[in-house]
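Colleague: Fold the following.
(one chain, ligands or ions: 3)
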Amino acid sequence: NEARFLDELVDLLRVPSISALSAHQADVERCAAHLAAHLRAIGLPRVEVWPTARHPTVYAEWIGAPGRPTVLVYGHYDVQPVDPLGEWTSPPFEPTVRGGQLFARGAVDDKGQLFIHVKAVEAHLRTRGALPVNAKLLIEGEEEIGSPNLDSLIRQRQDDLAADVAVISDTSMFAPGLPSLTYGLRGLMYAQVELVGARSDLHSGSFGGALANPILALAGLLASLHGGGSRVAVPGFYGDVRPLSDAERRAFAALPFDEEAFRRDLGVDALAGEEGYSVLERLWARPTLDANGIWGGFQGEGAKTVLPARAGAKISARLVPDQDPERIGDLVEAHLRAHLPPGVRMTYTRLHGGKPCLTPLNHPAVQAAARGLEAGFGRPPVFIREGGTIPVVATLDEVLGLPTVLMGIGLPDGHAHAPDERLDLGNFYGGIRSATALLDELAAALEAR
Ligand code: BES
Ligand code: MN
Ligand code: MN
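Modeller: Numbering: from 1, shown residues only. Ligands and ions are numbered 1, 2, ... in the order given. So this is what the prediction gives:
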């Protein structure tokens with residue numbers, strides 16, 4: 001079935017379901033409908049498209065095994081914008097195979113990964129006429145915009161979504177050929193800062209020197225976030241950070257990772273970050289506070305002698321257990337207000353966020369997933385954490401009481417969110433075999449409890 005599975009994924013990838021851009025609203029809805037039709041076609045008896053205030057969530061279930069465990073698979077069918085378009089080798093929504101990789105927006109994040117579970121369900125239904133467990137699929141269309149409507153949807157649909165364990169494939173393997181289970185993700189706090197000075201832009205000759213300059217004020221504020229050191233200078237920022245255990249540091253250090261090769265690949269002459277921690281520790285288990293964008297003043301050709309009236313920046317923090325996005329957002333705002341020079345006003349807007357997560361490694365579902373990956377890839381997985389954020393993981397825990405198994409089949413150079421996003425086809429097929437074996441393994445592991 002490999003060629004057919006690939007063709008079907010290509011059909012899904014052709015739909016430009018960019019959740020952030022309102023011009024694509026109809027495409028996002030078309031993608032949800034396409035996915036729902038496919039889930040019906042593979043034989044799932046209950047398939048629904050649940051509307052939300054913005055983009056719909058697709059829900060499907062097969063619950064023909066009363067008394068057996070229930071698995072909730074989560075994925076997201078929305079994708080990131082595609083700019084800069086000129087840097088794509090082939091157009092983002094015309095999926096193309098080159099060198100064993102499928103290139104398209106969404107190939108790895110997350111259409112290609114969610115699809116391995118769809119094909120696993122199909123494999124069981126077609127070969128045995130039944131699944132070894134009850135399965136529920138929750139596939140949202142707003143992950144890339146921070147899942148603004150998902151928490152309330154999960155709360156409303158608590159009864160429908162009751163399960164024993166959640167499974168998500170939306171992460172990466174540590175290296176090619178090295179299947180991986182991710183047991184921790186960082187959280188996120190994202191905010192926008194805008195400074196306003198005079199009532200309009202002014203001639204910098206006539207007014208410069210007598211008024212605060214919002215760009216310089218912003219530069220000072222951003223610099224104050226780190227205060228020149230390798231750590232974040234916001235008071236209280238590290239207050240809730242769970243320290244790394246020695247055992248975990250040893251486990252990270254035992255992974256095949258070469259900091260020097262990592263540096264060279266990125267094309268920089270030095271790495272940066274918090275002193276006293278390895279690169280993997282910095283990426284997976286230490287928080288950051290970054291600037292993501294900055295604007296203000298004159299950007300055009302040549303010189304314009306202007307004193308700008310406003311300036312702004314997007315900032316975000318990657319968070320680790322037990323930091324809370326709300327609290328960190330407040331601490332950052334308080335720090336900025338305390339450092340705000342006279343003569344400028346600040347507006348601070350929280351955009352979105354998500355909580356960090358850690359899955360207990362000793363849960364039987366994690367061990368079942370390890371056996372599933374071994375069945376699909378021929379070797380047992382390594383256990384890793386990652387630096388990205390999947391907001392639903394915390395919600396599944398808090399609202400439904402579910403542990404989440406993160407069984408990703410992306411690769412570190414999958415170019416997620418970037419031009420030339422790609423899915424390794426060996427990983428796609430290995431992922432389908434793993435997801436298929438996983439359902440049997442979960443049936444055995446959770447039944448025995
Ligand atoms: N699939 C990623 C999450 C991810 C990234 C996991 C890297 C592991 C490694 C997800 O689609 C994503 O991009 N999440 C956003 C957060 C969201 C609130 C916009 C992120 O991490 O920036
Ligand atoms: Mn994703
Ligand atoms: Mn993403």
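
Colleague: how long is stretch 30-50 end to end?
Modeller: For stretch 30-50, the first and last residues are 13 Å from each other (C-alpha to C-alpha, to the nearest Å).

Colleague: next one: stretch 80-93
Modeller: The first and last residues of stretch 80-93 sit 12 Å apart, counting by C-alpha to C-alpha.

Colleague: for it, which positions count as buried?
Modeller: For stretch 80-93, the neighbour count (16 or more other C-beta atoms under 10 Å) marks Gln80, Pro81, Val82, Trp88, Pro92, Phe93 as buried. Every C-beta, even on glycine, is put in place using the N, C-alpha and C of the backbone.

Colleague: where does the last one land in three-state SS?
Modeller: When classified by DSSP: H, G, I helix; E, B strand; the rest coil, Phe93 comes out as coil.

Colleague: Quick check: chain neighbours aside, which residue is closest to it?
Modeller: In space, and not counting its chain neighbours, Phe93 is closest to Pro16: 4.8 Å by C-beta to C-beta, 6 or more residues apart in numbering.

Colleague: And the fourth one, by the same measure?
Modeller: Sequence neighbours aside, Pro419 is the residue nearest to Trp88 in space, at 4.8 Å (criterion: C-beta to C-beta, 6+ apart).

Colleague: With the third one instead?
Modeller: Ranked by C-beta to C-beta, 6+ apart and with sequence neighbours excluded, the top spatial neighbour of Val82 is Pro92, at 4.3 Å.

Colleague: pretty sure that neighbour is in contact with Leu85, am I right?
Modeller: Yes. With contacts counted by C-beta atoms under 8 Å, Pro92 reaches Leu85, the gap being 7.4 Å.

Colleague: any shared contact partners between the two?
Modeller: Taking C-beta atoms under 8 Å, 6 or more residues apart in numbering as the contact rule, Pro92 and Leu85 both touch Pro419.

Colleague: List of residues touching stretch 29-47?
Modeller: 8, 11-12, 15, 17, 48-49, 55-64, 77-78, 118, 121-122, 125-126, 137, 139, 141.

Colleague: buried subset of the residues you listed?
Modeller: Buried among these by 16+ other C-beta under 10 Å: 8, 12, 15, 17, 49, 55-62, 77-78, 118, 121-122, 125, 137, 139, 141.

Colleague: where does the protein dip in pLDDT?
Modeller: By pLDDT under 70, the low-scoring segments of the chain are 448-449.

Colleague: The residue in it sticking out farthest from the centre: what secondary structure?
Modeller: For the chain, the residue at maximal distance from the C-alpha centroid (C-alpha atoms, centre = their mean) is Ser206, at 48.5 Å. With three-state DSSP as the basis, Ser206 sits in helix.

Colleague: and the gap between Pro51 and Leu153?
Modeller: Relative to Leu153, Pro51 is positioned 9 Å away (C-beta to C-beta, to the nearest Å).

Colleague: who's more crowded, those two?
Modeller: Taking neighbours as other C-beta atoms under 10 Å, Pro51 and Leu153 compare with Leu153 leading, 21 against 13.

Colleague: can you tell me which helix or strand that one belongs to?
Modeller: Here Leu153, judged by DSSP states H and E, is contained in helix 150-156.

Colleague: which parts of that helix are buried?
Modeller: Quick answer for helix 150-156 (16+ other C-beta under 10 Å): Leu150, Leu153, Ile154.
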